[in-house]
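Participant: here is the input, now give the coordinates:
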Amino acid sequence: MKKIVKLFAAIALITPFFFTACDNPAFDGVINDVVSEDATVSGSIAHIARYNASGTEFLILNADGGMRYKRADNRSHGSWQTYGALPFSLHSYDYYGSKHNGEQIIKIVADSEYLYILSCTYKNDNDDGTVAPDLLRLRRAKITSLNSITLDAADWTLLDESKSGNSGAIFKVYKYSSTGYYYSAFSLFSTNAVKPEHRKVFIRSGKYNAVNTSDSTILTPKYYELADGAIKPYAIDKAWGGNTLYTDLVSNKVNVYGAAWFDSEYKFFNNPSAVTNETATTDATKLYYANGSYLHYQTEAGYGGSIGANRTITALAVCADSIIIGMGTWDASTGISTYGGITKSDLNNGVPTGTTKFKTNAESQITSGYHVYALLNANPAEAELASALYAAIGIAGTGSSTGVAYSSIGLWSYYPARGNWNRE
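Facilitator: Numbering: from 1, shown residues only. This is a model prediction of the structure:
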């Protein structure tokens, strides 16, 4: 049987694009006697971006149908709209012509002005009988209204086109000739701050300790910022990893995956899970970030401490009285299917007090068989049970022994009026 190899979304985490799972009716929509909502947002969702269009806050993500969006203050099921002015057609395969058409959206991020889409085209690698990434394209657009779309495809600007296997590319993808497998060595990440003026997007091009390569251009990362709608070199000389501030990324071979605006500066991390307790009207007084299975926090006075979460932390969302913690593994190729799930820690004046049980059905819906790729609280100023919360989940491996369902892959939500976590 020919191998089918898809590009992993290693922008902020490694996420599979296609999954297989055994539907288990005993677990599908009847846990805790909660009636399952119809799935309206499905697929492998890498990130939930905040974006302001003419003063209105929107949430935007990649999912089935391409780019999906809704107003951040909308708290009703089935409200996600499909953006109809993409500058490309979505990826499809022409079986009769044996070729790939269109592009697959890898990730959507935003800063204070622009929305950015990273997408990928594919080709057939006939030497190894695989599907191979070909071109990675980064585009941006300044959208003034999502309630009444006025853009067309011509309004998107192409910022970069990276060719797979090109050592000079910004978004580096390379092939290991011994196996025919393709690897990515880049990261596209953002602060995703609540306040638009604190939103910033960065690119890591290259990766220390990238597997199966001796290419020095890949093994020596460079960093860029997206500023004024353009890609510009950016110097990152220090990053946090747990309670350690690495001030020499080169000698310590630290790869930066995440960023947050805190204490009047951008802070960087060796993990994509980094958030603050910033709200629309207040600056952040606490910074939270993950390192392995530990949640660390800082105050304006400096490093504060950590709590354990038992499994690798992959996503965080802050509430006024708690912090939601998503878990999973970074590498889907391991096939480990019980390292995920969701937990929480209550906050005492912003300080995590240790993991505890939910008062909702979160843990019974998002079990350890599911890996949490993104979390977001639409309004972190609100308490957990008063918040609109979102979780993007998937499956590592087949999930055949963990009672998970393929139909659950996608976006989940908690709304106060509904009072439970359910399919979005």
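Participant: in a helix, Val250, correct?
Facilitator: Yes. Judged by DSSP: H, G, I helix; E, B strand; the rest coil, Val250 forms part of a helix.
Participant: tell me the secondary structure at Trp217.
Facilitator: Careful, residue 217 is Thr; it's not Trp. Per three-state DSSP, Thr217 ends up helix.
Participant: pLDDT wise, what is the residue nearest to Lys286 when sequence neighbours are not counted at?
Facilitator: Nearest residue to Lys286 in three dimensions, chain neighbours excluded: Gly350, at 4.0 Å (C-beta to C-beta, 6 or more residues apart in numbering). C-betas here are computed from N, CA, C, even on glycine. Here, the pLDDT recorded for Gly350 equals 98.
Participant: what of Ile336?
Facilitator: 58.
Participant: check contacts around the residue located most distally from the centre of the chain.
Facilitator: Distance from the C-alpha centroid of the chain peaks at Tyr96, with 34.4 Å (C-alpha atoms, centre = their mean). Tyr96 is in contact with no residue at all, counting by C-beta atoms under 8 Å, 6 or more residues apart in numbering.
Participant: so it: helix, strand or coil?
Facilitator: Quick answer, by three-state DSSP: Tyr96 is coil.
Participant: and it, what's its pLDDT?
Facilitator: pLDDT at Tyr96 comes out at 91.
Participant: any idea of the pLDDT on the residue nearest to Asn271 when sequence neighbours are not counted?
Facilitator: In space, and not counting its chain neighbours, Asn271 is closest to Ala290: 4.8 Å by C-beta to C-beta, 6+ apart. Note on Ala290: pLDDT of 98.
Participant: which strand or helix spans Ala290?
Facilitator: Element membership for Ala290 (DSSP states H and E) is strand 286-291.
Participant: try Val211
Facilitator: Using DSSP H and E, no helix or strand contains Val211.
Participant: what sits against it?
Facilitator: Taking C-beta under 8 Å, 6+ apart, one finds Tyr176, Tyr183 in contact with Val211.
Participant: what's the helix or strand for Ala226?
Facilitator: Not quite, residue 226 is Leu, not Ala. Judged by DSSP H and E, Leu226 forms part of strand 222-227.
Participant: paired strands for that strand, with orientation please.
Facilitator: When pairing is defined by DSSP bridges, strand 222-227 lines up against strand 201-205 (antiparallel), strand 230-233 (antiparallel).
Participant: of all these, which lies closest to Ser364?
Facilitator: strand 201-205 (35.8 Å; C-beta to C-beta).
Participant: any idea of the mean pLDDT for that closest one?
Facilitator: 98.
Participant: contacts for that strand next, please.
Facilitator: By C-beta under 8 Å, 6+ apart, the list of residues contacting strand 201-205 reads 109-111, 116, 169-172, 185-190, 221-226, 231, 234, 236, 255-257, 259.
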